[in-house]
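>>> A predicted structure for the sequence below; I have some questions about it.
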Amino acid sequence: MTTPRPAAGHRVTEAELAALDPAPLLARWPYGPRLFAEGAIAAAISLHHLRTRPRSLTFLAEIVRRGGLTFALDLPEPMPTPAQGALVREWIAAAATVEDVPWFEVDAALARWLDAVATILAMRMSLARPPAPGGE
């Protein structure tokens, strides 16, 4: 579920970002600033709640970069836990629906986005206490 875009001048809260689903943004080409800003932050928040380590996402980005998103989508366990894997698989599947764009452009953009999410996740982890089990 994608939340509506906030009005100009509205400061987006963490709760609003946590409710944003990046999958619809990943399914639309060309990838824009909203995906790399709000979408990446929303993804990092979701992964933080699942206690994801940034390096596992960076590793997945490298798999996408080298093997492509189709290869990554076929991985039996793309992330260390089933919940993390299910979430990330939704994002990869959304990116796989992009049509009329050379596959290597989508692969490269998805890998860059995953790296951006990992960077934001690492920053969140360095600044915040770990989230409580089962949510906030």
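In hand now; what should we look at?
>>> So what's the residue count around residue 18?
Look at residue 18: counted by other CB atoms under 10 Å, it has 17 neighbours. To be clear about C-beta, it is placed using only N, CA and C from the backbone, and glycine gets the same treatment.
>>> meant to ask about residue 101, not that
12.
>>> So for this protein, the centremost residue is which one?
The centroid of the chain falls nearest to residue 43 when counting by CA atoms, centre = their mean (4.2 Å).
>>> so what's residue 117 up against?
40, 43-44, 47, 57 (CB atoms under 8 Å, 6 or more residues apart in numbering).
>>> same thing with residue 85?
Residue 85 sits next to 77-79 when contact means CB under 8 Å, 6+ apart.
>>> Now list the buried members of those residues.
78-79 (16 or more other CB atoms under 10 Å).
>>> Nearest to residue 112, out of the contacts of residue 85: which one, please.
Nearest to residue 112 among those: residue 78, at 17.3 Å, using CB to CB.
>>> from memory that closest one sits against residue 89, does it?
Yes - with contact defined as CB atoms under 8 Å, residue 78 reaches residue 89; the gap is 6.0 Å.
>>> Residue 127 - how many residues pack around it?
Residues lying near residue 127 (other CB under 10 Å) number 7.
>>> Could you report the distance from it to residue 121?
As for residue 127, its distance to residue 121 is 11 Å (criterion: CB to CB, to the nearest Å).
>>> what mean pLDDT does the lengthiest helix in the chain have?
Identified as the longest helix of the chain according to DSSP state H is helix 103-127. Averaging pLDDT along helix 103-127 gives 96.
>>> ok, now stretch 52-67?
98.
>>> This completes my enquiry, with thanks.
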